[in-house]
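> sequence and computational prediction follow.
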Amino acid sequence: MKIPVSSPTITDKDKAALHKAVDKGWFTEGTQCAKFSKALSEFTGQEHVQLVNSGSSANLVALTAACEAWEGRGKLVITSALAFPTTVAPIYQNNKIPVYVDTDPKTLSPDIGQVAYLVDKYGDEICGGIFSHTLGFPYDERLVARILDGRFLIADCCDALGAKVHGQPVGSFAHISTYSFFPAHHITTGEGGAVLTNNEHLYKLMRSISNWGRDCYCQPGQQNVCGKRFCQDHKTLPKGYDHKYTFSRLGYNLKMTELQAAMGVTQMEELPKWITRRMFNCGRLEKTLEKFSEYIHFVDSSIRFDPSPFGFPIIMKIKGYTNDLIQSLEDHGISTRRIFAGNIVRQPGYTGLPYIKLDLDNSDYLMENAFWVGVHPGVTGEMIDYIDEVFTNWFTERGLY
């Protein structure tokens, strides 16, 4: 039996939406992007949505906009060492320095005590923080926002679409939230992502950064929406220079296509059902494997608000067995993944870069002793029974059960 760690669920409605979008003959931002943005806004409670071409681009846009909005507030950005690379890379790309905190292995939450310590120690040298809701298990955004005390907070929600904190969708207590629609995630647009905010100024910055750094806010195909296309004065430009070709900051073309958005619209219709299935699979896996709790630690979801699991984390309590268990699962067709980069300061591409860190013992432990298996909607009861069988055989053969 093959059990993929992640798998997109593609429906006939998705395929029909893609064909319809192709037939319309308009491929960059248009009506489908507007519909998808509206659906995301309603689901997350965030007023402004900028669709982009990936979750990684979403983080780049978010950090770049935040650094401009909080210009002059310092060069340090607090983040977790247990991270996905493109949560951290935009810090460097914006000429900032990451300050790494550890992760609580019981909850996969950033060490909030360390965050408070760093804010107290470095003060105005810290301009903000970016933290992921790892594997869909939320941290206390509201508390982190209070600790940062006016500095920016970006919530990387790429793993956590549908999760809630204090009864509100993740991202509600952050200045900006980011999402990914890569095929592994809760919904997919093939490739794609989004940056969300309730702050109009931040939205204008994010829209400009995603559109070549353009000062104009016209959608593709629009022109002169402001009625001032040829009568503005930007001092360094000829008076009346075309506003559509006025660039007020460094930017990129990171926009989503109509084909991607069309698929996003139909995927959103199925999302509540898929989140329910992920929660069910996560709960059943924990109940099935709890007989090994002497050797496996499970993330405590009872104190984690309302998760929307991206995967089911398995944290080995006993050292030296993790690689062996992973290999056994893979040999039996059960796909696994590590928790992304683990302790990112140990990754080859990051070791030579400047950073500040506190004690990262837990991040090291999770890097060496943690992994996850899939809970996506394609995981069936029969598959979970098979996972139980493989785990049981492995523990029995090693005299641990």
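Everything's here; your move. Numbering: from 1, shown residues only.

> where along the stretch 251-400 of the chain do the strands fall?
Defined through DSSP state E, counting those that start in this stretch, the strands belonging to the stretch 251-400 of the chain, from first to last, are 296-297, 311-316, 356-357, 370-374.

> what about Arg151, distance to Ile126?
Distance check for Arg151 against Ile126: by CB to CB, to the nearest Å, it reads 6 Å. Glycine gets a C-beta too; all of them are placed from N, C-alpha and C.

> quick check: neighbours shared by these two?
Listed as contacting both Arg151 and Ile126 by CB atoms under 8 Å, 6 or more residues apart in numbering are Arg73, Val119.

> export the strands of the stretch 251-400 of the chain to TSV and append columns for mean neighbour count, mean pLDDT and distance to Tyr100.
Putting the strands of the stretch 251-400 of the chain into TSV (neighbours: other CB atoms under 10 Å; pLDDT from 0 to 100; distance: least, CB to CB, whole Å) gives the following:
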stretch	mean neighbour count	mean pLDDT	distance to Tyr100
strand 296-297	17	95	22
strand 311-316	23	97	20
strand 356-357	14	97	4
strand 370-374	23	98	17
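
> those strands: which one's closest to Ala262?
Closest to Ala262 of the strands of the stretch 251-400 of the chain is strand 370-374 (CB to CB; 26.5 Å).

> strand 311-316 and the closest one, what's the angle between them?
150 degrees (axes from the mean of the first three to the mean of the last three CA atoms, to 10 degrees).

> same for strand 370-374, what does it pack against?
Counting contacts by 3 or more CB pairs under 8 Å, 6 or more residues apart in numbering; DSSP states H and E, strand 370-374 is packed against strand 311-316, helix 322-331.

> can you say which of the ones you listed is nearest to Asp120?
Once the helices and strands packed on strand 370-374 are compared by CB to CB, strand 311-316 is nearest, at 30.0 Å.

> need the contact list for the residue of the chain most remote from its centre.
The centre of the chain is farthest from one residue, Lys239, which by CA atoms, centre = their mean lies 42.6 Å away. Applying CB under 8 Å, 6+ apart to Lys239 gives the contacts Asp233.

> cool, and Asn253?
Ser210, Asn211, Trp212.

> now do it against Leu18, distance only.
In this view, Asn253 and Leu18 are 22 Å apart by CB to CB.

> do Gly167 as well
The spacing between Gly167 and Leu18, counted by CB to CB, is 35 Å.

> try Asn343
As judged by CB to CB, Asn343 and Leu18 stand 40 Å apart.

> the more surrounded of the two?
When Asn343 and Leu18 are compared on other CB atoms under 10 Å, the one with more neighbours turns out to be Asn343, at 25 against 19.

> dump the residue contacts of the more buried one.
Ala81, Leu82, Leu360, Ser363, Asp364, Leu366, Met367.

> can you map out the strands along the stretch 1-150 of the chain?
48-52, 76-80, 97-101, 103-104, 109-110, 126-132.

> who touches the last one?
The list of residues contacting strand 126-132 from outside it, by CB under 8 Å, 6+ apart, reads 59, 62-63, 66-67, 70, 73-80, 83-84, 87, 90-91, 96, 99, 110, 115, 118-119, 139, 144, 148, 151-159, 175.

> and Val228, how many neighbours does it have?
Quick fix: residue 228 reads Lys, not Val. 11.

> ignore the last one, Phe84
By the criterion of other CB under 10 Å, Phe84 has 21 neighbours.

> cool, and Ser54?
The number of residues packed around Ser54, counting by other CB under 10 Å, is 19.

> surely Asp104 is in contact with Asp361?
No. Under the contact definition of CB atoms under 8 Å, Asp104 does not touch Asp361, with a separation of 11.6 Å.

> for Gly381, which non-adjacent residue is closest in space?
Counting by CB to CB, 6 or more residues apart in numbering, Arg284 is the residue found nearest to Gly381 once chain neighbours are left out, at 7.4 Å.

> longest single helix anywhere in the chain?
Longest helix of the chain, by residue count under DSSP state H: helix 258-289.

> give the other helices and strands that it contacts.
With contacts defined as 3+ CB pairs under 8 Å, 6+ apart, the packing partners of helix 258-289 are helix 12-24, helix 31-44, strand 311-316, helix 381-397.

> list the buried residues of stretch 244-257.
For stretch 244-257, the neighbour count (16 or more other CB atoms under 10 Å) marks Gly251, Tyr252, Leu254, Lys255, Met256, Thr257 as buried.

> please read the previous query as pertaining to stretch 274-294.
Residues of stretch 274-294 classed as buried by neighbour count (16+ other CB under 10 Å): 274-275, 277-282, 284-286, 289, 292.

> same deal with stretch 368-384?
For stretch 368-384, using 16+ other CB under 10 Å, the buried residues are 369-379, 383-384.

> where does the stretch 101-250 of the chain have low pLDDT?
216, 218-225, 227, 231 (pLDDT under 70).

> count of neighbours near the closest residue to Ile334 other than its chain neighbours?
Leaving aside its sequence neighbours, Ile334 sits nearest to Ile3 (CB to CB, 6+ apart; 4.8 Å). The local packing count at Ile3 equals 23, with neighbours defined by other CB under 10 Å.

> for Ile3, which residues are in contact?
Ile3 makes contact with Gly333, Ile334, Ser335, Val373, Gly374, Val379, Met383, Tyr386, Ile387 under the criterion CB under 8 Å, 6+ apart.

> now do the closest residue in space to the third one that isn't next to it in sequence against Gly311, distance only.
Leaving aside its chain neighbours, Ser335 sits nearest to Val5 (3.9 Å; criterion: CB to CB, 6+ apart). To Gly311, Val5 is 7 Å away according to CB to CB.
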